[in-house]
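# Pasting the sequence and the predicted coordinates here, then a few questions.
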Amino acid sequence: MSNLAIETVGLTYNFGDQTVVKNLSLQVPTGSIYGFLGPNGAGKTTTIKILLNLLKSPSDQVFIFGKDINTNRIASLKRMGALVEQPAIYTHLTGKENLINRCILLGINKSKCAEMLTLVGLTDAAHKKAGKYSLGMKQRLGIALALLSDPELLLLDEPTNGLDPNGIIEIRNLMIDLTTKHQKTILVSSHLLAEIERTATHVGIINKGELLFQGTIDDLHNLSKPTIKLETDNPEKTAALLAGVAEIILQKGNVTTVAFKDKEEVANINTLLVKHGIKVFAIGTERKDLENLFLDITSKN
Amino acid sequence: MRSLFVSLNSEFYKSRKTLAFWSAILLPLVICVLMSWGFINQAPKLANDPAAILWFRYISAILGVMGVLLLPVLVIYNTYAITNMEYKGDTWKSLFSLPLPKLSIYTSKYIYIVFLTFVTMLLFALFIIGSGHMIQAIKPELEFSDYNPNTIIIKFFGKLFLSSIGIISIQFLMNLIWSDFLKPFGIGFLMTIMGIITASVNWKYVDYLPYAYPNLTVTKIMATKGDINKMIVFDQGIYNSLICGAVVFVIGYFIVAKKTIK
């Protein structure tokens, strides 16, 4: 049996003539927090809607716990909870009534509402009309609605939108708790890598509907290997001297970038260049942060 | 069946604080109160009428107001309000991402709108009977209690209810296609006016215009002059209303089944 909670196989989706998801092959392992990253308009929400069968996908392209969503819609949805875009709530009902209504639809005991309200910190606002909630409160209510049925798989579309820093930390901790203590699988979308990298075990980066990277968070870190940046008076001679010694990654103007191995090597390179009469204006190691790496990846297509 | 029941239960829970729900209850109450006030004021003129004629006058006054314009408008508004709850909170997406068959979600909304219309008609019947007796309590010269109007009232309002099924289906379909208020309300209102005109001039194709059915029903009820034996509940207009209701309901389901939530 597959250990993937979500699998899409070459998924393509069009809105009219526009292709919004292109040959997408997501693989979300069971028990993971899968950070689904991409700039605004990259196709994240469309993908989540396809995973929920809100948008019809071709058959045999979307599998939830190994089963095709189109032929197993209800069985798959029973195992899922979702928060898509801005929370879908009835503004004329109170927060608690919104939860009770969901309990009615899902056949859940209404006593679960109090537990959910406590979990998302809305107990005091339980009897306030949801239309009068702040964006952050609506977001919390949306998360409570998604969690109400205790689903195995949670799809959270930008869940920290509108939350204050404390709220963001709480949601982060909640996601970690849900996966580590309750063995849930979470797919969380965001356009901010910094938000994802603290919680995600796996990452998928999407832009213009195409999956540009998919792997563990360590795989992503490994992409951003440190480099040595050298500024010299003669870049051509520098490159020629370093050709057999280090791996040259980039040369731009007077700056040469080579792969970093260890500190010793930095000193050796410096000595080699000075010995051959090259003036070294600057030398140092540099590591691209994940945010820049993300920008690099998404700007490639 | 369970999913249909829970969806219906949820429709009631969601709408119980809305104007649509309360208008279904308050409209018959307000109209009956106003009409009984009119009858009480006109008591000296009506004192000599036999009880059967009194009841017919009372019922037809209410039917005239209700059937010609208010019933179609109430149906148009209720249908809009029940579907608009989902557009307003952007909750179609959460409804369709629940493990419930789309048919249950769709059918429950439709049944609930039909139920609200039924409740309105039922309350009309109950309030008319109650207010008739109340008028006599205030003005004893109006002897409503000499005649039992129950059968005639049930037949009149039953027929009026059945004549609204076609409009309910068409309005429901329009509200599923369009999220705004103007298109379904504008088209519905225009068709209602058309229904009034075509029914009043007895257009030869009027039996094929669902928006004319309540008006036709009122005309046919008036023509009986309160004679229960002349009252036919199931005539061509009612059959057409039911056929229209069923056909549009099925078409609506296929539209909902293919509905994508962008």
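Looks like it came in fine.
# longest single helix anywhere in the chain?
Picked chain A for this. Using DSSP state H, we find that the single longest helix of chain A is helix A:165-180.
# wrong chain, I was asking about chain B
Chain B, longest helix under DSSP H: helix B:102-138.
# just to revisit the earlier point, using PDB, list the CA coordinates for the helix or strand just after the longest helix of chain A.
Per DSSP states H and E, the first helix or strand lying C-terminal to helix A:165-180 is strand A:185-190. Only the C-alpha atoms of strand A:185-190 are listed here, as PDB (Å, rounded to 0.1, in the frame of the first residue of the first chain):
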ATOM      1  CA  THR A 185      -0.900  14.700   7.500                       C
ATOM      2  CA  ILE A 186      -1.000  18.400   6.600                       C
ATOM      3  CA  LEU A 187      -0.600  20.100   3.300                       C
ATOM      4  CA  VAL A 188      -0.100  23.800   4.000                       C
ATOM      5  CA  SER A 189       0.200  26.400   1.300                       C
ATOM      6  CA  SER A 190       2.000  29.700   1.600                       C
END
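# and the residue of the stretch 201-301 of chain A nearest chain B?
Per C-beta to the nearest C-beta, the residue of the stretch 201-301 of chain A with the smallest distance to chain B is residue A:209, at 15.1 Å. Every C-beta, even on glycine, is put in place using the N, C-alpha and C of the backbone.
# list the contacts for that residue?
Listed by C-beta atoms under 8 Å, 6 or more residues apart in numbering or on different chains, the contact partners of residue A:209 are A:13, A:19, A:20, A:21, A:22, A:24, A:42, A:43, A:46.
# One more pass at 6 Å, please.
Each residue near residue A:209 by C-beta atoms under 6 Å, 6 or more residues apart in numbering or on different chains is listed here: A:19, A:20, A:21, A:22, A:43.
# Return the closest of these with respect to chain B.
Ranked by distance to chain B (C-beta to the nearest C-beta), the contacts of residue A:209 are led by residue A:20 at 10.1 Å.
# could you point out which element follows the helix or strand containing the closest one?
Element membership for residue A:20 (DSSP H and E) is strand A:18-24. Heading C-terminal from strand A:18-24, the first helix or strand you meet, by DSSP H and E, is strand A:27-29.
# Tell me which strands the helix or strand following that next one pairs with, and in which orientation.
Remark: after strand A:27-29, the chain's next helix or strand is strand A:33-37, criterion DSSP H and E. Within its sheet, and counting by DSSP bridges, strand A:33-37 is paired with strand A:185-190 (parallel), strand A:202-207 (parallel).
# In JSON lines: those, plus mean neighbour count and mean pLDDT.
Shown next, in JSON lines, are those (neighbours: other C-beta atoms under 10 Å in any protein chain shown; pLDDT from 0 to 100):
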{"stretch": "strand A:185-190", "mean neighbour count": "24", "mean pLDDT": "93"}
{"stretch": "strand A:202-207", "mean neighbour count": "24", "mean pLDDT": "92"}
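# Just put these in TSV and tack on distance to residue B:45.
Listed next are the strands paired with strand A:33-37 as TSV, based on distance: least, C-beta to C-beta, whole Å:
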stretch	distance to residue B:45
strand A:185-190	73
strand A:202-207	79
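# show me what contacts residue 173?
Going with chain A. Residue A:173 sits next to no residue when contact means C-beta under 6 Å, 6+ apart.
# nope, chain B
B:248, B:252.
# cool, residue B:174 as well?
Contact analysis of residue B:174 by C-beta under 6 Å, 6+ apart lists residue B:184.
# make it 10 Å
B:76, B:79, B:80, B:83, B:183, B:184, B:185, B:186, B:187, B:188, B:248, B:252 (C-beta atoms under 10 Å, 6 or more residues apart in numbering or on different chains).
# same check, this time on residue B:201
With contacts defined as C-beta under 10 Å, 6+ apart, residue B:201 is in contact with no residue.
# what about it, distance to chain A?
43 Å (C-beta to the nearest C-beta, to the nearest Å).
# and that residue, how far is that from residue B:63?
Going from residue B:201 to residue B:63 by C-beta to C-beta, to the nearest Å gives 20 Å.
# Pull up the residues of the stretch 1-150 of chain B that are close to chain A.
Those residues of the stretch 1-150 of chain B that sit near chain A, judged by C-beta under 10 Å from any C-beta of the partner chain, are B:2-3, B:5-19, B:85-86, B:88-102, B:104-105.
# Return the members of those classed as buried.
B:3, B:6-8, B:10-11, B:13-15, B:18, B:85-86, B:89-100, B:102, B:104-105 (16 or more other C-beta atoms under 10 Å in any protein chain shown).
# nearest spatial neighbour of the residue nearest the centre of chain B, skipping sequence neighbours?
Nearest residue to the geometric centre of chain B (C-alpha atoms, centre = their mean): residue B:117, 4.2 Å. Counting by C-beta to C-beta, 6 or more residues apart in numbering or on different chains, residue B:164 is the residue found nearest to residue B:117 once chain neighbours are left out, at 5.6 Å.
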